[in-house]
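A.B. asks: need a 3D model of the following:
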Amino acid sequence: MIAAADINITKVERSKLKDINLENIPFGKYFTDHMLEVDYEDGEWKNAEIKPYQPLLLAPSVAALHYGQAIFEGIKAYKNAAGDAYIFRPLDNFKRFNVSAERMQMPQVPEELFMEGMRMLIELDKNWIPQLEDHSLYIRPFMFSSDEMIGVRPSEKYKFMIILSPTGPYYSAPMRIYVEEKYVRAVPGGVGYAKAAGNYGAAMYATAEAKKIGYDQVLWTDAYEHKYVQECGTMNVFFIIGNAAITPGLESGTILAGVTRDSTIALLKEMGFNVEERPLSMEDIIDAHKAGILYEVFGTGTAATISLIKELRYKDYVMKFDVDSWKTAPALKKQLNAIRYGQEPDNHGWMQKV
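C.D. replies: I've put the predicted structure just below:
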């Protein structure tokens, strides 16, 4: 078992930060000075090290490239006004990471290795956390199979890594969403609840088709009837209908159990909403829109945080929303940010100090 004391650290001689302006930085383009890399071999984790960010040397036969055993997480760290660094709900992401690992027949990553390795890495690169509104340090833990062999079976070797990326807003403007009826993201019994790399690769074609006709993302529907809503692009989705906040439930195994989703549910309940996690059909959504009680539609996610949806198209029916008049989604985003940046008490115990 690897302990934090077993993680070797090699520091860069000169930080790249001196050459980068962190203001209005795009998502996922720049990476910090260091990364965590750990090997899984012979049934145990070994060779844990934090070292300068650098390319990997991989064989063309490495298993992940052929059979898709690859998972990841998305987490964020923030700075408060005093300059202290905090990570938002990292233990929840750790738990979900191992749920994904189990589904993809990959080894479990020990809690101390995941959590302490992350903390040590951020401590080393905490100057990269932008101290700006809507900015943060995006944390990307990931694992992939590393056997140098072609053969359809679970790998015997794996790499677990964490890289860090300073980032600004993911979606800077309200979105136009196309309801997808042909292609599917996930089916019951599949891997929709896992944060598997292949889920995102499979979603790209439908998203590209929607963008050709002017939409930013797709709202996925169920695989059988194309009737019930699931996820929205890379986000969970919420509908404010009457005095209820409705989001698709997790019981079918087709939807990722979002950490921001869970946080949003908690805050909505505190705001007095009746939160319903249940199947929601496009027919019900359209009926609510026609009745004038579909008040807001928004997505939630680590990268996206709270993203407003200004237009929703289903077949030839287009729903447009005056997002400037909205109260709930903007209030949620404001409160989440206040907690993350230390401007409001963290009554939920969500923030972990680095």
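A.B. asks: can you list the domains in this protein?
C.D. replies: Annotated domains of the chain cover 4-169, 175-340 [automatic domain parsing].
A.B. asks: figure out which of those domains is closest to residue 352.
C.D. replies: Of all the domains of the chain, domain 4-169 sits nearest to residue 352, with 4.8 Å by CB to CB. Where C-beta positions appear, they are placed from N, C-alpha and C, glycine not excepted.
A.B. asks: quick one: average pLDDT of that closest one?
C.D. replies: For domain 4-169, the mean pLDDT works out to 95.
A.B. asks: chain center to it, what's the gap?
C.D. replies: In terms of CA atoms, centre = their mean, to the nearest Å, the centre of domain 4-169 is found 14 Å from the chain centre.
A.B. asks: repeat that for stretch 188-201.
C.D. replies: Stretch 188-201 has its C-alpha centroid displaced from the chain centroid by 13 Å (CA atoms, centre = their mean).
A.B. asks: next, the buried residues of that stretch.
C.D. replies: For stretch 188-201, the buried set under the neighbour-count rule, 16 or more other CB atoms under 10 Å, comprises 190, 191, 192, 193, 194, 195, 196, 197, 199.
A.B. asks: ok, the last one touching residue 185?
C.D. replies: Yes. Between residue 199 and residue 185 a contact is recorded at 6.8 Å, counting by CB atoms under 8 Å.
A.B. asks: just give me the neighbour total for the residue lying closest to residue 184 once chain neighbours are set aside.
C.D. replies: What sits nearest to residue 184 in space, not counting adjacent residues and going by CB to CB, 6 or more residues apart in numbering, is residue 223, at 4.3 Å. Other residues lying near residue 223 total 18 when counted by other CB atoms under 10 Å.
A.B. asks: kindly report the same for residue 204.
C.D. replies: The burial count for residue 204: 9, using other CB under 10 Å.
A.B. asks: can you tell me the helix or strand for it?
C.D. replies: Using DSSP states H and E, residue 204 maps to helix 197-212.
A.B. asks: what is the subsequent helix or strand relative to that helix?
C.D. replies: Assignment by DSSP H and E places the next element after helix 197-212 at strand 217-221.
A.B. asks: how far off centre is the next helix-or-strand element following that next one?
C.D. replies: Downstream of strand 217-221, the first helix or strand assigned by DSSP H and E is strand 229-232. Distance of strand 229-232 from the chain centroid (CA atoms, centre = their mean) equals 15 Å.
A.B. asks: who touches strand 229-232?
C.D. replies: 177, 179, 185-186, 192, 217-222, 237, 248, 254-256, 280-282, 285, 299, 309 (CB atoms under 8 Å, 6 or more residues apart in numbering).
A.B. asks: for residue 339, helix, strand, or coil?
C.D. replies: Under DSSP: H, G, I helix; E, B strand; the rest coil, residue 339 falls in the helix class.
A.B. asks: separation between it and residue 93?
C.D. replies: Applying CB to CB, to the nearest Å, the value for residue 339 to residue 93 is 17 Å.
A.B. asks: got the contact list for residue 103?
C.D. replies: Residues in contact with residue 103 (CB under 8 Å, 6+ apart) are 191, 193, 194, 196.
A.B. asks: can you tell me which two in those residues are farthest apart?
C.D. replies: The two members of the contacts of residue 103 with the most space between them (CB to CB) are 193 and 196, at 9.5 Å.
A.B. asks: dump the residue contacts of the closest residue to residue 156 other than its chain neighbours.
C.D. replies: Closest residue to residue 156 apart from its sequence neighbours, by CB to CB, 6+ apart: residue 147 at 5.6 Å. By CB under 8 Å, 6+ apart, residue 147 lies in contact with 62, 63, 155, 156, 157.
A.B. asks: any of these buried? List them.
C.D. replies: Among these, those classed as buried by 16+ other CB under 10 Å are 62, 63, 155, 157.
A.B. asks: pretty sure the last one is touching residue 44, no?
C.D. replies: No. At 11.2 Å, residue 157 and residue 44 do not qualify as touching, with contact defined as CB under 8 Å.
A.B. asks: now the domains of the chain in CSV, with distance to residue 346?
C.D. replies: Formatted as CSV, these follow (distance: least, CB to CB, whole Å):
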stretch, distance to residue 346
domain 4-169, 8
domain 175-340, 5
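A.B. asks: which residues do residue 199 and residue 185 both contact?
C.D. replies: Common neighbours of residue 199 and residue 185, using CB under 8 Å, 6+ apart, are residue 192.
A.B. asks: next, residue 310: secondary structure please.
C.D. replies: Residue 310 ends up strand, using three-state DSSP.
A.B. asks: perfect, I'm done here.
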